[in-house]
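# sequence first, then the predicted structure, then my questions.
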Amino acid sequence: MGPSGSGKSTLLNILGGLDAPTSGRVALDGQEISALSGNALARFRAEKIGFVFQQFHLIPYLTALENVMLAQYFHSLSDEREAAEALGRVGMGDRLEHLPSQLSGGEQQRVCVARALINQPNVILADEPTGNLDEVNETLVMGLLAELHREGHTIVLVTHDPEIGRMAERRIELHHGRLTEVSVFPTHEEELIDNLLKAVWHAQEDTGRSVLEPDALPEFARNRATFLLMAQEGLVQLEAVALSFAPRGEARARHVLRRHRLSERLFFETFGIDADVVDEHAAKIEHSLSPEVTEKICTFLHHPLTCPHGSPIPRGDCCLKK
């Protein structure tokens with residue numbers, strides 16, 4: 001991240017071997033790519049790196065399928081079936097024979113993602129991949145990148161959007177061509193989603209309404225991109241002026257609230273921690289608690305009905321059996 005002209009795209013081009021550094025060295029996957037010759041560098045790019053550009057850079061007279069197959073050709077051999085499967089994965093299975101001019105901006109970007117992943121690269125470099133997209137297609141593209149990251153791909157992404165920036169595990173700030181800040185975020189994606197589900201649950205308890213206005217939820221404004229991903233994954237239902245739990249999200253939120261409030265009760269009753277700070281202590285351990293351990297804590301505490309602050313603790317199987 002960084003202001004225009006700070007060197008973000010230049011850094012990405014150097015990492016991808018498209019530009020050569022005037023000094024220093026670039027090592028990727030244990031190999032110093034800044035020392036490679038033209039042909040060797042092209043081979044390294046084809047085998048190790050996938051590119052997703054803001055301006056798409058699709059060949060205008062080739063179909064979506066042919067654009068993806070072209071990337072295969074420069075890697076090894078073209079395989080129409082594999083290319084079609086890659087396009088199907090990004091939701092473009094019914095657009096195989098369309099030219100870029102017949103596709104929307106979001107559809108063209110999804111073709112770019114399919115092209116980037118067709119050779120199973122170690123690293124995907126994405127330069128403002130959502131800069132020209134509407135909210136729906138932004139959600140689709142970021143969902144695809146998040147899925148690729150979970151599968152083990154390294155994603156290096158340039159963005160001006162602070163909400164997308166917050167989705168990263170590590171953020172690099174550039175100013176005037178220099179690194180000014182490197183931030184490593186301890187909250188991984190699953191923990192962030194759990195915390196946002198808790199925020200929705202709390203808001204429903206406070207208002208007594210199951211359907212909320214997104215703009216009235218402070219966490220939504222700070223994490224809009226993550227909420228869009230949560231909607232795509234079936235955890236919440238999100239419309240223009242309505243936010244509510246989907247059944248899967250409500251079940252997950254119930255478990256998250258249960259283990260958090262039981263943790264609060266444990267610190268309060270067993271360790272004598274003041275009620276004003278038990279929330280902070282519970283937040284540090286709750287993500288390490290399995291469902292089995294959560295049930296054991298509940299049984300140990302004799303199935304408490306509320307946390308130390310008086311909020312109800314959702315019932316579990318052990319409570320129902322009792």
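Thanks, I have it.
# helices of the stretch 101-250 of the chain, start to end?
Using DSSP state H, counting those that start in this stretch, the helices of the stretch 101-250 of the chain run over 105-117, 135-150, 162-165, 189-207, 218-222, 224-232, 247-269.
# comparing those, which comes out most buried?
Among the helices of the stretch 101-250 of the chain, helix 105-117 has the highest mean neighbour count (mean count of other C-beta atoms under 10 Å), at a mean of 24. For the C-beta atoms, the positions are set from N, CA and C on the backbone; glycine is no exception.
# just the C-alpha atoms of that one, please, in CSV.
Output in CSV follows, covering the C-alpha atoms of helix 105-117 (Å, rounded to 0.1, in the frame of the first residue of the first chain):
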residue,chain,number,x,y,z
GLY,A,105,-14.9,-5.8,-16.5
GLY,A,106,-15.5,-8.3,-13.7
GLU,A,107,-15.7,-11.2,-16.1
GLN,A,108,-12.4,-10.1,-17.8
GLN,A,109,-10.7,-9.9,-14.4
ARG,A,110,-11.9,-13.4,-13.6
VAL,A,111,-10.4,-14.7,-16.9
CYS,A,112,-7.1,-13.0,-15.7
VAL,A,113,-7.3,-14.9,-12.4
ALA,A,114,-7.9,-18.2,-14.3
ARG,A,115,-4.9,-17.3,-16.6
ALA,A,116,-2.8,-16.6,-13.5
LEU,A,117,-3.5,-19.9,-11.8
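# other SSEs contacting it?
For helix 105-117, the packing partners by 3 or more C-beta pairs under 8 Å, 6 or more residues apart in numbering; DSSP states H and E come out as strand 49-52, helix 64-75, helix 80-89, strand 123-127, helix 135-150.
# closest one to Ser34 among the helices of the stretch 101-250 of the chain?
helix 105-117 (22.2 Å; C-beta to C-beta).
# for that closest one, the distance to its chain's centre please.
Remark: helix 105-117 is offset 17 Å from the chain centroid, using C-alpha atoms, centre = their mean, to the nearest Å.
# can you check stretch 244-260 too?
With C-alpha atoms, centre = their mean, you get 20 Å for stretch 244-260.
# nearest to Ile273, out of the helices and strands packed on helix 105-117?
Nearest of the helices and strands packed on helix 105-117 (C-beta to C-beta): helix 135-150, 35.2 Å.
# kindly format the C-alpha coordinates of that closest one as CSV.
C-alpha atoms of helix 135-150 as CSV (Å, rounded to 0.1, in the frame of the first residue of the first chain):
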residue,chain,number,x,y,z
GLU,A,135,-18.8,-4.3,-5.5
VAL,A,136,-20.2,-7.7,-6.6
ASN,A,137,-17.2,-8.5,-8.8
GLU,A,138,-14.8,-7.2,-6.2
THR,A,139,-16.3,-9.8,-3.8
LEU,A,140,-15.9,-12.6,-6.4
VAL,A,141,-12.3,-11.7,-7.2
MET,A,142,-11.2,-11.3,-3.6
GLY,A,143,-13.0,-14.5,-2.7
LEU,A,144,-11.0,-16.3,-5.4
LEU,A,145,-7.7,-14.8,-4.1
ALA,A,146,-8.6,-15.7,-0.5
GLU,A,147,-9.3,-19.3,-1.6
LEU,A,148,-6.0,-19.5,-3.5
HIS,A,149,-4.2,-18.2,-0.4
ARG,A,150,-5.8,-20.9,1.8
